[in-house]
Structure formats: structure tokens, C-alpha cells
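Visitor: Kindly return the folded structure for what I paste below:
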Amino acid sequence: MIEFKKDLIYEQLKRQILDRTFFPGMRLPNEKILARRLNVGQVTLRSALARLEAEKLVERIPGRGTFVSETTQNRTFLLILPDGAETLESPSRYIAEGLSAAAEKHSIIIERCPASLLMSFSDEECQTMKERYRISGIILESGHARIDPALSVQVKKFALPVVIPHGLPGDAEQTGFLVLRTDERNAFADGLNTLKSYGHRRIAFLRLHLPTENLTSIRGFTEEELLEFYRANNFDDDRELLATVRNSQLEIDAVVKKWLSSPAPPTAVICHSDRIAMRVMRTLKELNIPVPQQLSVMGYSNYPGSQLMTPALTTIDIHFAECGRIAIEQLMNSSRWFYPGKIPDEILTPYELITRESISVPRQR
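Guide: Prediction:
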């Protein structure tokens with residue numbers, strides 16, 4: 001993303017205000033002097049000041065000058081990110097976007113730190129960082145993986161409220177932190193029931209092998225629980241319809257071809273994620289299998305690009321950006337839940353099933 005000079009000046013001044021370099025009530029130098037100090041034109045400076053005024057960080061009084069707002073609050077949150085957080089397939093990337101938008105709205109500074117770097121800090125370095133940057137809360141983004149107990153110990157040294165914005169069942173008890181998570185079991189069941197409403201009974205599931213997650217869980221179900229759910233809802237409870245693959249197009253190709261060549265192929269497949277579903281659709285395209293006429297496909301997570309597929313991919317939207325927004329708001333109101341003796345909480349975040357063109361009524365065989 002291209003950053004214009006007015007945006008850079010805005011960010012610089014905002015940080016100085018929130019860090020108390022420019023303290024509440026302080027009168028800023030006149031525009032001519034301030035523009036010269038910042039090495040920008042007065043038009044650029046005025047654009048940045050107008051944005052700060054819109055956020056109520058400064059007040060411009062005609063004939064008197066520009067003053068730092070008396071109501072300015074100093075909030076800085078530390079965002080701890082897993083390695084690989086910027087990859088397209090990582091939920092951390094999209095959660096961070098929601099965090100940034102909410103932080104800007106509330107004039108909060110987000111300091112980012114990779115988990116591996118945080119683990120290298122000494123106790124003294126952690127304390128120095130906390131004091132220097134006036135950190136008042138921590139967002140521990142796990143990438144939807146189990147959190148290393150050693151990382152939990154390191155984070156607890158800050159003695160600050162901590163929110164996990166997209167966690168797993170059991171994270172609250174394991175870490176003692178506030179956990180936001182999707183009710184994956186209900187979300188996945190809603191996806192299956194949507195396929196049922198279209199008339200599908202023979203539904204395959206393609207799960208991604210993730211070493212960082214519990215392989216006994218299929219979006220909130222154990223394999224036996226999922227087969228029991230199939231039986232209770234009149235789906236075909238065939239174990240051959242459940243498959244696990246690594247993030248490999250070749251493995252996905254092999255599983256899909258095996259399903260399609262069986263005496264009773266599935267009429268629909270629901271996937272661990274949109275990325276897997278997209279690869280399934282690529283396989284089907286190469287095999288000249290029409291979607292959804294011959295095989296309906298459903299994803300999970302609503303990753304960018306799923307709506308651009310032909311046909312557009314039906315998916316379960318986890319609202320990653322909303323997870324980020326809720327995390328910020330929970331930290332802003334941490335006095336309600338962060339105090340000695342408080343049992344860690346879980347908050348279920350919203351999800352939404354988005355029906356697009358990749359599912360339809362199954363073709364009669």
C-alpha cells in the first residue's frame with residue numbers, strides 16, 4: 001500500500017500525542033514553524049491536522065492556534081503474532097486488519113512483536129518494553145493454533161490483561177487469558193444442514209492436516225461424533241467420505257479422484273478451509289467435472305478470493321476482522337474481567353453462512 005506524505009505526518013503527530021510528547025492542553029507550534037520542522041509543506045500539514053481534529057486528538061481555535069485535546073488518552077496495546085502471520089492462508093493477517101481499523105477508530109497504538117522475538121527477551125527487557133511504550137494490554141494472536149505454554153508464561157510476566165482473538169476450545173483454561181473463539185461445531189453443522197436442505201445426503205469432508213491443531217477434532221467434532229451426526233441427520237455415515245490431506249495439490253487431486261471413481265461418489269464436499277475448497281475446484285475443473293451440477297463444494301472461513309471463483313464459493317464466514325474489533329473493545333474495558341481471582345472467560349464470536357453458486361440440488365444418478 002502506498003503511503004502519502006500527509007499520512008506519514010498524521011501518523012507521526014498522532015504517535016507524539018498518544019505518547020505524551022505533545023501533552024494534553026499543549027499548544028503546537030504555528031503551522032509555518034511546524035511544517036518546517038517536519039520538512040513538509042503547509043498544505044500537507046493542514047491535511048494531517050484536519051484528520052487529527054476529526055479524531056478529536058487536537059482542537060484548532062481560530063486566532064489562537066492548534067491545541068492537543070485535554071481528553072486524549074494514552075493507550076498502547078502489544079500485538080503478539082505467530083511466525084508466518086502475513087501469509088494469505090493465515091487468519092492472523094485478517095484479524096490484524098480488524099485490529100488496526102478498531103485501533104485507529106479509538107486512537108490506540110498497536111505495537112507488533114513476533115512471538116519468537118518475544119521469547120528471546122529477558123524479564124528485564126519485557127519490563128523495560130512495558131514501561132517505555134506504556135503498554136496497557138496484550139493481544140495474543142495464535143494463528144488458530146495451540147499456544148506454547150512457554151509463550152503463555154512469558155506473556156504473564158507483563159501482568160496485563162490478555163485477549164486471544166481467535167482461539168481454540170480449552171485455551172482459556174490452559175492460559176488464563178480471555179479467549180474469543182468461533183463455535184466451530186455449530187458453524188460446521190450449519191454448513192452440513194445447508195447442504196441437507198438442498199437434498200444432499202452423501203457428503204464428503206476434506207480436512208487439512210495441521211500439526212499445530214488437535215487432529216482428533218473435525219471443526220469441533222471427533223470423527224465418531226461427526227459420523228453420529230451424519231446418522232442422526234440421515235447422511236451417509238461412510239468413513240471413506242472423511243479424508244485428511246496435507247497442504248498439497250497432489251494429495252487433494254488423489255483424494256478427489258478416489259471419491260469420484262467410487263461406486264457411490266459424493267454429491268457434495270465440505271472443506272476444512274476456502275483454500276482447500278479452491279484447490280478441490282481446481283481439480284474438478286481439470287477433470288471436467290462441473291460444479292455444482294455434478295459436485296457441490298463448500299468452504300470455510302471466507303478468505304479473500306472465494307467470491308471471485310467461477311462459480312463463486314459457498315462458505316462459512318468467520319468474520320476475522322470482527323474478531324479483531326471485539327478484541328480491542330475487550331481490552332478497552334478490561335477492568336470488567338481482569339482482576340485477581342477471576343476465572344478466564346470465553347466469548348463466542350459471530351459467523352455467517354454465505355450461500356453462493358458452488359452448491360445446488362444434486363443431480364439424479
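
Visitor: name the element the residue of the chain most remote from its centre belongs to?
Guide: Relative to the centre of the chain, the most outlying C-alpha is that of residue 63, 46.4 Å out, by C-alpha atoms, centre = their mean. Using DSSP states H and E, residue 63 falls within no helix or strand.

Visitor: Next: residue 244.
Guide: Per DSSP H and E: strand 242-245 holds residue 244.

Visitor: What segments of the stretch 101-250 of the chain are helices?
Guide: 115-119, 123-132, 149-156, 171-175, 184-197, 223-232, 249-261 (DSSP state H, counting those that start in this stretch).

Visitor: Can you lay out the ones you listed as CSV showing mean pLDDT and distance to residue 165?
Guide: Quick note: C-beta positions are derived from backbone N, CA and C, even for glycine. Formatted as CSV, these follow (pLDDT from 0 to 100; distance: least, C-beta to C-beta, whole Å):
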stretch, mean pLDDT, distance to residue 165
helix 115-119, 95, 14
helix 123-132, 92, 20
helix 149-156, 96, 14
helix 171-175, 92, 11
helix 184-197, 95, 15
helix 223-232, 91, 27
helix 249-261, 96, 29
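
Visitor: Of all these, which one comes closest to residue 342?
Guide: Smallest distance to residue 342 across the helices of the stretch 101-250 of the chain (C-beta to C-beta): 11.1 Å, for helix 171-175.

Visitor: What residues does residue 147 make contact with?
Guide: Residues counted as contacts of residue 147 (C-beta atoms under 8 Å, 6 or more residues apart in numbering) are 140, 164, 167, 171, 174-175.

Visitor: Would you mark the buried spots in the least confident helix or strand in the chain by mean pLDDT?
Guide: Sorted by mean pLDDT, DSSP states H and E, the helices and strands of the chain end with helix 5-18, the least confident at a mean of 86. By neighbour count on 16 or more other C-beta atoms under 10 Å, the buried set for helix 5-18 is 6, 9-10, 13-14, 17-18.

Visitor: Please name every helix or strand in contact with it.
Guide: helix 42-54 (3 or more C-beta pairs under 8 Å, 6 or more residues apart in numbering; DSSP states H and E).

Visitor: Which positions within the helix or strand following the helix it packs on qualify as buried?
Guide: Counting by DSSP H and E, the next helix or strand C-terminal to helix 42-54 is strand 58-61. Within strand 58-61, the residues scored as buried using 16+ other C-beta under 10 Å are 58-59.

Visitor: what's the answer for stretch 68-84, then?
Guide: Per 16+ other C-beta under 10 Å, stretch 68-84 contains these buried residues: 68-69, 72, 75-82.

Visitor: Likewise for stretch 352-360?
Guide: 353-354, 356, 358-360.

Visitor: And stretch 111-122, by the same measure?
Guide: In stretch 111-122, the ones that count as buried by 16+ other C-beta under 10 Å are 115, 118.

Visitor: if we look at that stretch, which residues are touching it?
Guide: Residues contacting stretch 111-122 (C-beta under 8 Å, 6+ apart): 76-83, 85, 96, 126, 129, 133, 135, 148, 150-151, 154-155.

Visitor: how long is that stretch from one end to the other?
Guide: 18 Å (C-alpha to C-alpha, to the nearest Å).

Visitor: Which secondary structure state is assigned to the most centrally placed residue in the chain?
Guide: Against the mean C-alpha coordinate of the chain, by C-alpha atoms, centre = their mean, the closest residue is residue 95 at 2.8 Å. At residue 95, secondary structure determined by DSSP: H, G, I helix; E, B strand; the rest coil is helix.

Visitor: what sits against it?
Guide: Neighbours of residue 95 in contact, by C-beta under 8 Å, 6+ apart: 141, 165-166, 320-321, 323-324, 327.

Visitor: Where does pLDDT dip in the chain?
Guide: By pLDDT under 70, the weakly predicted segments of the chain are 1-3, 19, 71-74, 88, 211-217, 364-365.

Visitor: rewinding a little: show me which pair in the contacts of residue 95 is furthest apart.
Guide: Using C-beta to C-beta, the contacts of residue 95 span at most 12.9 Å, a distance reached by 141 and 321.

Visitor: the more surrounded of the two?
Guide: A direct count of neighbours by other C-beta atoms under 10 Å for residue 141 and residue 321 places residue 141 higher, at 27 against 17.

Visitor: Quick check: closest non-adjacent residue to that one.
Guide: residue 92 (4.9 Å; C-beta to C-beta, 6 or more residues apart in numbering).

Visitor: now do residue 52
Guide: Leaving aside its sequence neighbours, residue 52 is closest to residue 58 (4.6 Å, by C-beta to C-beta, 6+ apart).

Visitor: for that neighbour, what are its contacts?
Guide: 17, 28, 49, 52, 66-69.

Visitor: same deal with residue 105?
Guide: Contacts of residue 105 by C-beta under 8 Å, 6+ apart: none found.

Visitor: how about 10 Å then?
Guide: Contact partners of residue 105, counting by C-beta atoms under 10 Å, 6 or more residues apart in numbering, are 55, 325, 328.

Visitor: Could you do residue 167 as well?
Guide: So residue 167 contacts 140-142, 144-147, 174-175, 177-182, 323, 346-347, 349 (C-beta under 10 Å, 6+ apart).

Visitor: Please identify the buried residues of stretch 305-324?
Guide: 306, 309, 311, 313-324.

Visitor: An error on my part: the question was meant for stretch 278-285.
Guide: Buried, per 16+ other C-beta under 10 Å, within stretch 278-285: 278-281, 283-284.
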